[in-house]
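> Provided below are the primary sequence and the corresponding predicted coordinates.
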Amino acid sequence: MGNMTALHRWSIAAIVAIGLCILILNLAVGALKPAADIAWLDIAGEGGAALLSLMWTVFIFNSRPAGWVTRLLSGGLAFIFFSYWQDVLDEFIQLPAHVHWDHWVESGSMPLGMILLTLGIYHWHREQQAINRQLLKRERIFREHRSFDALTPLSDARYLREQLALELQHTQQPVSLIMIDLHCFDHSRRLLGSADGDRLLRELSELLVLNLRQKDLLCRYAGDRFAVVLPATERLIAENLGRELKQAADHFAFKTRRGETHRVTVHTGLAVSHHDSADSLIERANRCLLQSRSGQPQVA
Amino acid sequence: MNGYLADQAFIPAHHQPAVLIDLIHDQGIDLNRLLRHTGLFQEQILSGEARLSPHGWLQLIHNARRLLPDPELSFRYGQRLFPGHYGAISALLGNAGNLHDALQVFTGFSKLVFPLLGARLTVTDRHLCLHWLDSCGNGSEHRFVVEAAMAGLASVTRWLSGERLPWAFQFRHARPSYPEQYQVHLGDTLYFDGQLDAMILPRHYLESPWPGASTIAWRAAKQQCQPQLDPLAGGDSFRLYLYRQLLQNVASPPSLQQLANPLQCSPATLKRRLRDQGCHYQQLLDQARLHQAIHWLQFHGYSTEQVARQLNFTDSTNFRRSFKRWSGLTPAACQRALAATMGSLYPA
């Protein structure tokens, strides 16, 4: 039994206690029937029904948190169980003719249980509808926030701008942004073919992720350009990380479909925030990238 | 008919349209949904028999954008387009000996290389400008088509020349919400909200020889391509043919009647045919006059008064009013914007 059952300790105890009470009352008032009078077929049928209704109650307890709907469902099933339980006891114990409460237990608790169960199922249905609505909303929010790129398992430039804007709100700590692009990817893609070209970008993105810290974010900016957001990172550390990413990419031996090795080189551009907006930081990192591409010394 | 029409099915579906189909298919998207309302079927494309009209191709683009709403799609499509495997026209483009040869393919053979857009090349002492023109009424897909064409030309000229050509890009549309795609796929010299969809380059790139081209193959391919063109309209669409008629005589433009005469149809028929191509006479005329005015202002350094005289306006007030109607700007404001563009493009 899972944790759910623990939530319903008292309810289970109550059902067991009431079941025992019914047994004790029967034994106290009535007398055991002789073995010859016992109809075993009835006992098998009624006992089986009692056992099954008890099992359903346990299943309900096991799968549901406490609450109004759970109480209705388990209460209904419990009354059905009591009805069958009295029925089973009737087969063993002969009650005196003046005793009527056994009929009340047997015939009264069945319709009561059925009504409670029906109410429970109805509210369960309503509850499920509410949950569906809730899930849908969460999913939509989720999708709105994480805009996945079509090609790589990364987020796109819009998500980059959103996240960068969030990080830049913490003005006391600098945010670094590294832009990375491949050397002559246009040429590579024509040599490799589109399928391998796309796969190269996907595999490179995985390689870059492996070289990042837990708090960093890698996005695909566009085409063969990637962006790395380094929250709360000083220039010195960011330069180091940029170098590590470059080294990792330089050692990447991409394999084409024909099994040939295609080596890549990357350029990086770094910008560290001082009173920047997301757009101006991106622009500075891009400018730095272009400078490093044209072989000039890097200035951010 | 002179020049191809928007609903004329002549584009082999396994040529340029198939590049988009492949691209969408690579993303694991159901092809039946992509081909919806295009009149195409998968088997038909594979047999090489299917022909698509420009409108069918635009429908395909529309479906692709809906199924894969990724701003990068047009650029990736463009980069896969050229030189392509489209028979003689691909051989012609692939064997271009220099940029001028390559651009001729787009200005003179648009029916074969990229029927959705025509192109006009202007060369001055300092610049060359390739102006892209709507061939068939691209409507809401025009931006996608322009993005694809520009990404395609930038990519193929880079591939064939072996160097990154420093193109400057001018767009009629506003700066999009995804500027990064333009920046990475095209370059950093971008001007939005302009009057033309154009690509500009310093003139000296035009004649500098490209490696790997074969003159014989180029000539043979040209021989093969010529018969596929129209005797009157050449590689242009019907709409573009008429536009060029107006452009060539922009000072005293032919009337609707005069345009109809060589086509041996009545002005009413011509009017109806133009409507089918998503335009009308006055619109084409205004476009031709605006484009010519912009060219004179931007690349030839004419003054507003000179442009007014060249276009046969009796007084400059009249010209200013007309120009405002065509472009939404006064000639002076437009000239200032153009001067700023050209100045920052190639600082003296």
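Okay, I see it.

> A helix includes residue A:13, no?
Yes: assessed with DSSP: H, G, I helix; E, B strand; the rest coil, residue A:13 lies in a helix.

> chain B against chain A: which residues are in contact?
B:22-23, B:26-27, B:68, B:70, B:72-73, B:75, B:79-80, B:155, B:158-159, B:177-178, B:180-181, B:183-185, B:188 (C-beta under 8 Å from any C-beta of the partner chain). In this view, the C-beta of every residue, glycine as well, is placed from N, C-alpha and C.

> and these, which are buried?
Buried members of these, counted by 16 or more other C-beta atoms under 10 Å in any protein chain shown: B:23, B:70, B:72-73, B:75, B:79-80, B:155, B:158-159, B:178, B:180-181, B:183-185.

> what's the most distant pair in those?
Based on C-beta to C-beta, the longest span within those runs between B:159 and B:178 and measures 24.3 Å.

> how long is stretch B:137-148 end to end?
Using C-alpha to C-alpha, to the nearest Å, one end of stretch B:137-148 lies 16 Å from the other.

> and that stretch, which residues are buried?
For stretch B:137-148, using 16+ other C-beta under 10 Å, the buried residues are B:137, B:138, B:141, B:142, B:143, B:144, B:145, B:146, B:147, B:148.

> so which of those comes closest to residue B:301?
Taking C-beta to C-beta as the measure, residue B:301 sits nearest to residue B:146 out of those, at 26.7 Å.

> dump the residue contacts of that closest one.
B:117, B:132, B:171, B:173, B:197 (C-beta atoms under 8 Å, 6 or more residues apart in numbering or on different chains).

> could you rerun that using 7 Å?
B:132, B:197 (C-beta atoms under 7 Å, 6 or more residues apart in numbering or on different chains).

> which ones among the buried ones among the residues of chain B next to chain A map onto helices?
Of the positions in those, B:23, B:73, B:75, B:79-80, B:155, B:158-159, B:180-181, B:183-185 sit in helices, assigned by DSSP state H.

> domains of the chain?
I'll assume chain A. A:3-144, A:157-293 (automatic domain parsing).

> the intended chain is chain B.
When chain B is parsed with automatic domain parsing, its domains come out as B:8-69, B:75-228, B:238-345.

> please work out the average pLDDT along the second one.
It refers to domain B:75-228. Across domain B:75-228, the average pLDDT comes to 95.

> so how far is chain B from residue A:219?
10 Å (C-beta to the nearest C-beta, to the nearest Å).

> could you grab the helix/strand/coil label for that residue?
With three-state DSSP as the criterion, residue A:219 reads strand.

> roughly how far does the closest residue to chain A within the stretch 201-348 of chain B sit from residue B:94?
Nearest residue of the stretch 201-348 of chain B to chain A: residue B:212, at 12.7 Å (C-beta to the nearest C-beta). Relative to residue B:94, residue B:212 is positioned 9 Å away (C-beta to C-beta, to the nearest Å).

> neighbour count winner among those two?
Neighbours per residue (other C-beta atoms under 10 Å in any protein chain shown) separate residue B:212 from residue B:94, with residue B:94 holding more: 22 against 12.
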